[in-house]
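>>> what's the 3D shape of this:
(one chain, ligands or ions: 2)
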Amino acid sequence: MSNLLEKEVKLEYTKPVIFFNCMRCGFCCEHLIKDTQYGKMSIFLKPEEAKWFPQEKVLPQYAVGVKGHSRPRPYHIFAFQLDAMVCTWFDRQKRTCMIRNMRPMACRAYPVTHGSIDINCRFIQQYASEENQRININPASIKQEVAADQDVLNYIKESMKDQGTLWGFSLDEKKWKVIASRPVVKPTIQIPKFKVPSLRLP
Ligand code: SF4
Ligand code: SF4
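Numbers count the residues shown, from 1 in each chain. Ligands and ions are numbered 1, 2, ... in the order given. Next up, the predicted model:
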């Protein structure tokens, strides 16, 4: 009897392997702004990608370095974001991206974002709610998204190299916040490895 119960408990907790399959619902393109621990943020854009969007809607997202002692602020902006809930390239009637073949790297990565899976993705959410927000995705089915996200992370890491403080720009407060900082090191001292912080989205 106890063996049978153990077996039942194990079966109950076995998570099914899910094959990621984007439904092309367009939900992610209509809900760009999300809550993060640093305030509201939107789609990550490299400087060259930011030029594809209406400039009045493009705001900074990440910056490195510090200038000014009395009022410290970022020195070099290296990533931008779109201050809009619905992407300007989203065709709401056809429910498709008008620049799909050249869409930004972060769009290619979604629902993988900064090393996490965004459970707001409609495909992910149908499993996340059943599985108490813990899901088991087949890695092969999401490897292109993971690779694109890795490109984003590598770009952030490269931009932060030897630059000290990392800043993030909050869209709701319209102000910069320190995400990570490290002490200034003299060139003769070995520079410690600086891990890219995980900016987990809910
Ligand atoms: S929300 Fe998820 S399923 Fe829908 S289009 Fe975006 S990535 Fe695909
Ligand atoms: S660029 Fe295309 S894929 Fe990216 S958010 Fe806009 S509509 Fe969606």
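
>>> isn't there a strand covering Arg24?
No: counting by DSSP: H, G, I helix; E, B strand; the rest coil, Arg24 is not part of a strand but coil.

>>> distance of it relative to ligand 1?
Computed as CB to the nearest ligand atom, to the nearest Å, the Arg24 to ligand 1 distance reads 5 Å. Heads up, the C-betas are built off the backbone N, CA and C, glycines and all.

>>> Lys40 too?
18 Å.

>>> contacting residues for that residue?
Ile33, Lys34, Ser170, Leu171, Asp172 (CB atoms under 8 Å, 6 or more residues apart in numbering).

>>> in terms of model confidence, name the weakest of the residues you listed.
Among the contacts of Lys40, Lys34 carries the weakest pLDDT, at 93.

>>> how about it, phi and psi?
Main-chain dihedrals, Lys34, degrees, to the nearest 10: phi -130, psi 160.

>>> count of neighbours near it?
17 (other CB atoms under 10 Å).

>>> what's the answer for Gln55, then?
8.

>>> this structure: helices as residue ranges?
2-13, 27-30, 47-50, 105-109, 122-130, 143-160 (DSSP state H).

>>> which of the contacts of Lys40 has the most neighbours?
Among the contacts of Lys40, the one with the most neighbours (other CB under 10 Å) is Leu171, at 20 neighbours.

>>> bridged to the residue nearest to that one when sequence neighbours are not counted, which residues?
Of all residues not flanking Leu171 in the chain, Lys40 sits nearest, at 4.4 Å (CB to CB, 6 or more residues apart in numbering). For Lys40, the beta-bridge partners under DSSP bridges are Asp35.

>>> how far away is Lys40 from ligand 2?
As judged by CB to the nearest ligand atom, Lys40 and ligand 2 stand 16 Å apart.

>>> this structure against ligand 2: which residues are in contact?
Cys29, Ile43, Cys87, Trp89, Phe90, Cys97, Ile99, Arg103, Pro104, Cys107 (CB under 6 Å from any ligand atom).

>>> to what extent is the spatially closest residue to Tyr62 that is not a sequence neighbour buried, counted in neighbours?
Distance criterion CB to CB, 6+ apart; nearest residue to Tyr62, sequence neighbours excluded, is Ala79 at 4.1 Å. Using other CB under 10 Å, Ala79 has 22 other residues around it.

>>> run through the residues that contact Ala79.
With CB under 8 Å, 6+ apart, Ala79 has these contacts: Phe44, Leu45, Lys46, Pro47, Pro60, Gln61, Tyr62, Ala63, Tyr155, Ile156, Ser159.

>>> try 10 Å this time
44-47, 49-50, 60-64, 106, 152, 155-156, 159, 168-169 (CB atoms under 10 Å, 6 or more residues apart in numbering).
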